[in-house]
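**Student:** the following comprises the amino acid sequence and a computationally predicted model.
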Amino acid sequence: MNRILTLWTLGCCLLSSCHGRSDGPNHDRDSGLRFSVDTAQLKHFDSVAAQQRRTDSILLQQANNSPGINAGAGNFIINVPRGWRRVDTLLGNIRAVILDTPSTFAGFRTNVSIVSDSLRGMSVEDYVRGAISSMAQYVPQFVLIGNDKRTIGNRSVRWLHYSQNREGTGLESICYFMPEKGIVYILTCSVLKGRLLTSRPAFEVAVTSFAVR
C-alpha cells in the first residue's frame, strides 16, 4: 500500500484548516500616511505567481501520470453539505476533493476529503490493515477508537474511527474505504475532537451521496 497516500489522506484535514483573522483598525489610513508603489516588489510577486502556475502544471502532469494513486480521480459524484464549499486540489501529486465549512471553529474547518488508490490486487481488508499500520507509525498520537463495516447504497464499506493530535490540536476522524472495480475511494471526515456528533449529519449527506460514475 502506498504509505504516502495514507499520510496525505490524513493531512487533508490540516491543509484545509485555517486560522481565523481579526482585522484591526486601519492605522495607516487613520494617521494619513501615504505610500508609494514598490514596482520591484510587484514584479517579484508576479514572478512568484508565474512560478506557482508552472509548479501547479507540473504537479498536475505528475498526478495524471500516477494512475495507481489517482485511479478513481474525477470518476465519482458527491453532494456538498448545505453551506459548505468544494475544492478540487492537488496534495503533492495526489488529486483530492475537499469539502469544508466556509468558517472556522477554534481555527479549524470541519471537512471531508476524498482521494483514490488502486487496490493492486489486494482485498479492501488488507488495504485497511495496511492503512492502520501506517497511521499508527506516522500519525501523531494516533488512537484507533473503532473499525467495522457498514452498507452505503448497495456497497459494503470499511470504516475507521480514530483520533490524532496535530501541533496541540485534537482531531477526530471517520475514514471510509469504498472499493469499486479494483479501486478504493477513501473518504475522510475530520472534525475537532469532541464535536463529531455535531457534524455527523453533514458528514452523512456527503458520504451517503457518494457514487462512482
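**Tutor:** It's in.
**Student:** I174 contacts L160, correct?
**Tutor:** Yes - using C-beta atoms under 8 Å, I174 is in contact with L160, at 7.1 Å. C-beta coordinates here come from the backbone N, C-alpha and C atoms, glycine included.
**Student:** these two: who's more crowded?
**Tutor:** I174 (22 against 19; other C-beta atoms under 10 Å).
**Student:** now the strand or helix carrying the more buried one: average pLDDT?
**Tutor:** According to DSSP states H and E, I174 maps onto strand 169-180. If you average the pLDDT over strand 169-180, you get 94.
**Student:** what does stretch 71-88 give?
**Tutor:** 93.
**Student:** which residues does that stretch contact?
**Tutor:** Residues from elsewhere that reach stretch 71-88, judged by C-beta atoms under 8 Å, 6 or more residues apart in numbering: 16, 63, 95-102, 114-118, 180, 182-183, 185, 202-203, 205-206, 209-213.
**Student:** quick one, helices of the chain?
**Tutor:** 3-15, 27-31, 39-64, 124-138, 196-209 (DSSP state H).
**Student:** measure K149 to Y176 for me?
**Tutor:** Distance of K149 to Y176, given as C-beta to C-beta, to the nearest Å: 10 Å.
**Student:** who touches both of the two?
**Tutor:** 157-159.
**Student:** need these in a markdown table with distance to M135, can you?
**Tutor:** Formatted as a markdown table, those follow (distance: C-beta to C-beta, whole Å):
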| residue | distance to M135 |
| --- | --- |
| V157 | 18 |
| R158 | 14 |
| W159 | 14 |
